[in-house]
Structure formats: C-alpha cells, structure tokens
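A.B. asks: what's the 3D shape of this:
(4 chains)
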There are 2 protein chains.
Amino acid sequence: MGIQERKEKQKLEVRKLILDASMKLFMEEGFRNVTMRGIADLIEYSPTTVYLYFKDKDEIFAALHDIGFQKMAEFNKDLGTIHNPLVRLHKMGENYVQFGIENPEYYSLMFIDSEPMQKFAEEGCEEWKSGDGAIAVLQETVVECMQKGYLQDDDPLLVSLSIWSFVHGLMSLAIRERLEKFVVQKEMLLPTMKASLNWFINNIEVGDRSKPR
Amino acid sequence: MGIQERKEKQKLEVRKLILDASMKLFMEEGFRNVTMRGIADLIEYSPTTVYLYFKDKDEIFAALHDIGFQKMAEFNKDLGTIHNPLVRLHKMGENYVQFGIENPEYYSLMFIDSEPMQKFAEEGCEEWKSGDGAIAVLQETVVECMQKGYLQDDDPLLVSLSIWSFVHGLMSLAIRERLEKFVVQKEMLLPTMKASLNWFINNIEVGDRSKPR
DNA sequence: TTGGATTATTAACAACGTTAAGTAAATTTG
DNA sequence: CAAATTTACTTAACGTTGTTAATAATCCAA
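C.D. replies: Numbers count the residues shown, from 1 in each chain, chains lettered A, B, ... in the order given. Got it, this is the predicted structure:
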C-alpha cells in the first residue's frame, strides 16, 4: 500500500511542523507564549487543525518533553569513552549543567514544570519513561564508583538521588533567576555552577586528597 | 484624623480578605485555580474590585510570595537556640524540607515559579529582598562552621550556594513529582529526603567520623 | 447642601483552549 | 466511470481568562 505509506509520512510531516513551530514560540518567549492559535498562525493552518494531530496542548508539551530527553542523550553521547567512573560522573554533571544553560526551556519541561508529569499520570498511570532512563544511567555510574572505591559504600539509589538533587538544584535556581545574589554577571553563571559542582564532587569523593582531616 | 485611620484599616482588611481568598484557592488546586473572578466570588465582591487593591494578578502572587517567607521565618524561629553551627545547619536543612513538604504551594511561589521574580524585576530593578535575607542567614552559619572547623575553608558564598542547591533540588524534584522512581510510597517521601540530607551533611562535614579513608 | 474624592459595579474587549458543524478534496467501492 | 465514504481542513461558536472604561453609589469636607 504505497498510498497509505505516503499519507502516514505526510501526517508525520505536519506533526513535525507543529512541534517545530511550538518549540520556536517556546524558545522565543517561553511557556506563556505558546498558544494554539500562535502555533496555527506560524504553520499557516487554522487553529483547529492542530487538534487533528494532538489531543490538546498538554500533549504537545509532552512531545517536546520527550524531544528534550533525546537532545540531552545526544549531549551525553561520548560519555562511554570515559573509563574512570568518577571522572565520568563529574562529566555527566557538567553536561547536565551545560545542557540546562543552553536549553532552559527544554530543561523546564523535562524537570521543573508540572504539566508534562500530570499528562503522564493521566495516561494509564504510565511511568516517567524518559526520566527513568536517565536516572538508571546515573545509578549505574554510582554503583561503579562504589565498587572501585571512589565513593563510600551506601544505598546507590539514595546517593543517586542526592547527586541529581544537587545538580538539579543548581540548574533550577539558575533558570528561575534565584541566583542573582550569587552570580552578578551573566557570563559568570556557568563558571560558578561548575565551581559548585567541583566542590560537590570533591566533597563526596573518597580517597587521597588534600583535604585535611 | 481618626477617620483616615479607620479607612486605612478597612482598606487593609479588604486586602487581607483578598489574600486569604487567593491562598485558599491556591492551596486547594494550585496555581491554575487562582483566578481573579474566583477570588472575587469568594469574598463576594465584583471581579474589578480586586484591582482597586492589587494592580494585577502578579502583584497578588508577589504578596503571597512574601507571606511565604514570613511563614518560613516562623518555622526557623527557635533556630538560635542551637549553638553548634553544624547541627544548626543540619536543622536548617530539615526545616527547609519540612516547610516545603507542608507548604508546597508557598514553596513554589518562593523558589520555583518565574512569575514573582519577573514582577520584582519590573519594579525598578529592586532586589529579591525576602530571599536574600534567608540566604544571608545560611551564609553566616556556613562561615561559623568554617571558623569552628566543621567545614573545610572555602569561599562561603560558593558553599552556601551549593548547600542551598542541594536541598532545593530535593524539594523541587519532590514537589514537581520527579521522585516516583526513588520514593514509591508517599509516606516515605519525608524520611527519604531526610536520609539524603543526612548523607549530604555527613559528606561535607570535616572531622572525626567513621568514614574510612 | 453642594461637590469632589473614594469605592464599588456593570459592560465590554481581546485572547485563550476547545468543541461542533460543515465543506471540499481524495480515496475506495460498486 | 459514478456513487459512497473517508480524510483533511475550516468557520463559527462556547465558555473562560485577565484587564480596562464608563458609570453609579457612597462618604467626607467645605
């Protein structure tokens, strides 16, 4: 059935058109600027057409949420080449921060906003698939760090949660503009966050280092 | 001028009426449920009357934001009685987490949502007064910890930022429902967060402890 | 008592998410 | 090929939102 294939392809193309337009508006002025009518205007369709491709606005956000995780995965593509698990953990943190700074709108959808989560909760109590995958990778690294003695033995889940909380705390404070007391100039934001990450890694690391004791 | 005083008092009363109604709606179903008409209905005034007491909706949220900080200050009232600065730091963290869990809507306004910040930015580039005060207290405690050797000497501002990031990361992930992988049962949320906080304090603490090295 | 300020209301605007009904074209079926 | 049906899209509309303009009622001072 060549015709059906072509039709499905076209359908996917319009879908992508909608998502691209949504992301554009999203990037430009954030959450509040994304409006069904605005999307429709941008792709030159009528507002109701959008509803033929997405059930509602939240479903668009959910799709963007997933795309965000794909983008982040690309960021971490070359992570496997780092053999020392603690160095890898550190690099994961740096990538996380870098991704967040470069894609604040995506980051919001992925880790801060409630909307996508509520959407996932509705859809048959399904899990937070995208996020859980990322968490699993973190946890594996933590386990490896413990096995090789870079981190003190402890509940890997608890330690993973703690590490994630730390970098997420940094990111979300930065994105939501609570750091002006700490970071006066904008160009100092990333360096400061990396310095904070260094401090953190240095503190949780077990082993020979200059820290007096 | 007894009359003017009475009038001002009345004005403040209606203001309080509006804020109470707003908070009630806010508590019940969160951000999205707070609507100018809803507030007006609750206090049995017409919607436009609200605008005589607040310039716009964001100004109401800004007011609630400030009230949130007052509420949090009450939480920390008896903190001065703790003399050991590290124990005090730990308690500060616990209070922070406890406050957030008990008042997620306030917490959102204070530390997560963008709206109040944008409002403050508009109003003549004024600082984030409420937040900066809380940060100052944290920083003082950190300095004291360093002086007494509980924390390794370092830039106090950087360390304060890092500590705050950690607890805020925990809180915001919890509030925005990203922790279901870590915390299956709801009643385990607070214990898990406190365990994570313990792990953190234990790791940044300098001094004699069981941690092998 | 008159007159200006204060306080509240009604009516309305533009923009929003979303649904119902209708149209025109493409495709399948006889 | 012609009729029936499905697909892709639009127009019109509903109810709700934040907010403003115009207006009425109330209050206090002169």
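A.B. asks: got the domain boundaries for chain A?
C.D. replies: A:1-55, A:58-202 (automatic domain parsing).
A.B. asks: Can you say which of these is nearest to DNA strand D?
C.D. replies: Closest approach to DNA strand D among the domains of chain A is made by domain A:1-55 (3.3 Å; Cβ to the nearest atom of the strand). Backbone N, C-alpha and C define where each C-beta goes, glycine included.
A.B. asks: where does chain A dip in pLDDT?
C.D. replies: A:1-7, A:124-126, A:207-213 (pLDDT under 70).
A.B. asks: For it, which residue gets nearest to chain B?
C.D. replies: Going by Cβ to the nearest Cβ, chain B is nearest to A:Gly169 of chain A, at 2.8 Å.
A.B. asks: residues in contact with that residue?
C.D. replies: By Cβ atoms under 8 Å, 6 or more residues apart in numbering or on different chains, the contact list for A:Gly169 reads B:164-170, B:172.
A.B. asks: switch to 7 Å and redo it
C.D. replies: Shown in contact with A:Gly169 (Cβ atoms under 7 Å, 6 or more residues apart in numbering or on different chains): B:165-166, B:168-169.
A.B. asks: Tell me which of the residues you listed fall in helices.
C.D. replies: Using DSSP state H, the subset of those located in helices is B:165-166, B:168-169.
A.B. asks: can you confirm A:Val184 is in a strand?
C.D. replies: No. Counting by DSSP: H, G, I helix; E, B strand; the rest coil, A:Val184 falls outside a strand, being coil.
A.B. asks: List the buried residues in stretch A:199-208.
C.D. replies: A:199-201, A:203-206 (16 or more other Cβ atoms under 10 Å in any protein chain shown).
A.B. asks: CA atoms of that stretch as PDB?
C.D. replies: Extracted in PDB, the C-alpha atoms of stretch A:199-208 (Å, rounded to 0.1, in the frame of the first residue of the first chain):
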ATOM      1  CA  TRP A 199      33.200  21.500  45.300                       C
ATOM      2  CA  PHE A 200      30.500  18.900  45.500                       C
ATOM      3  CA  ILE A 201      32.400  16.100  43.700                       C
ATOM      4  CA  ASN A 202      35.500  16.900  45.800                       C
ATOM      5  CA  ASN A 203      33.400  16.500  49.000                       C
ATOM      6  CA  ILE A 204      31.700  13.200  48.200                       C
ATOM      7  CA  GLU A 205      34.900  11.700  46.800                       C
ATOM      8  CA  VAL A 206      36.600   9.100  49.000                       C
ATOM      9  CA  GLY A 207      40.300   8.800  48.800                       C
ATOM     10  CA  ASP A 208      43.700  10.600  49.000                       C
END
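A.B. asks: how about that stretch, does it reach chain B?
C.D. replies: Yes. On the criterion Cβ under 7 Å from any Cβ of the partner chain, stretch A:199-208 is in touch with chain B at A:199-200, A:203-204, A:206.
A.B. asks: Now do that stretch: distance to the chain's middle.
C.D. replies: 25 Å (Cα atoms, centre = their mean, to the nearest Å).
A.B. asks: sorry, back to before: farthest pair in the ones in helices among the contacts of A:Gly169?
C.D. replies: B:Phe166 and B:His168 (7.2 Å; Cβ to Cβ).
A.B. asks: Check which element follows the host helix or strand of A:Ser22 along the chain.
C.D. replies: A:Ser22 belongs to helix A:2-29 when assigned by DSSP states H and E. The element immediately downstream of helix A:2-29 (helix or strand, assigned by DSSP H and E) is helix A:36-43.
A.B. asks: Report the buried residues of stretch A:141-157.
C.D. replies: For stretch A:141-157, by 16+ other Cβ under 10 Å, it's A:141-146, A:150-152, A:156-157.
A.B. asks: ok so, going back, which ones among the residues of stretch A:199-208 next to chain B lie within strands?
C.D. replies: Judged by DSSP state E, the residues of stretch A:199-208 next to chain B include no members of strands.
A.B. asks: Point out the most buried one among the domains of chain A.
C.D. replies: Comparing these by mean neighbour count (mean count of other Cβ atoms under 10 Å in any protein chain shown), domain A:58-202 comes out on top with a mean of 18.
A.B. asks: Does that one reach DNA strand C?
C.D. replies: Yes. Counting by Cβ under 7 Å from any atom of the strand, DNA strand C is contacted by domain A:58-202 at A:Asp58.
A.B. asks: Kindly check the end-to-end length of that domain for me.
C.D. replies: 41 Å (Cα to Cα, to the nearest Å).
A.B. asks: just to revisit the earlier point, with distance to DNA strand D added, can I get the domains of chain A in TSV?
C.D. replies: Below are those laid out as TSV (distance: least, Cβ to the nearest atom of the strand, whole Å):
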stretch	distance to DNA strand D
domain A:1-55	3
domain A:58-202	16
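A.B. asks: Quick one: end-to-end distance for stretch A:47-67.
C.D. replies: Span of stretch A:47-67 from end to end, Cα to Cα: 23 Å.
A.B. asks: Contacts for that stretch, please.
C.D. replies: A:14-15, A:18-19, A:22-23, A:26, A:36-37, A:39-40, A:109-110, A:115-116, A:119-120, A:130.
A.B. asks: all helices of chain A, in order?
C.D. replies: Under DSSP H, chain A gives helices at A:2-29, A:36-43, A:47-50, A:57-75, A:85-102, A:104-107, A:115-122, A:129-147, A:156-175, A:189-204.
A.B. asks: want to throw those into a markdown table with distance to B:Arg88?
C.D. replies: What follows is the helices of chain A, written out as a markdown table (distance: least, Cβ to Cβ, whole Å):
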| stretch | distance to B:Arg88 |
| --- | --- |
| helix A:2-29 | 43 |
| helix A:36-43 | 50 |
| helix A:47-50 | 54 |
| helix A:57-75 | 38 |
| helix A:85-102 | 28 |
| helix A:104-107 | 33 |
| helix A:115-122 | 35 |
| helix A:129-147 | 30 |
| helix A:156-175 | 20 |
| helix A:189-204 | 19 |
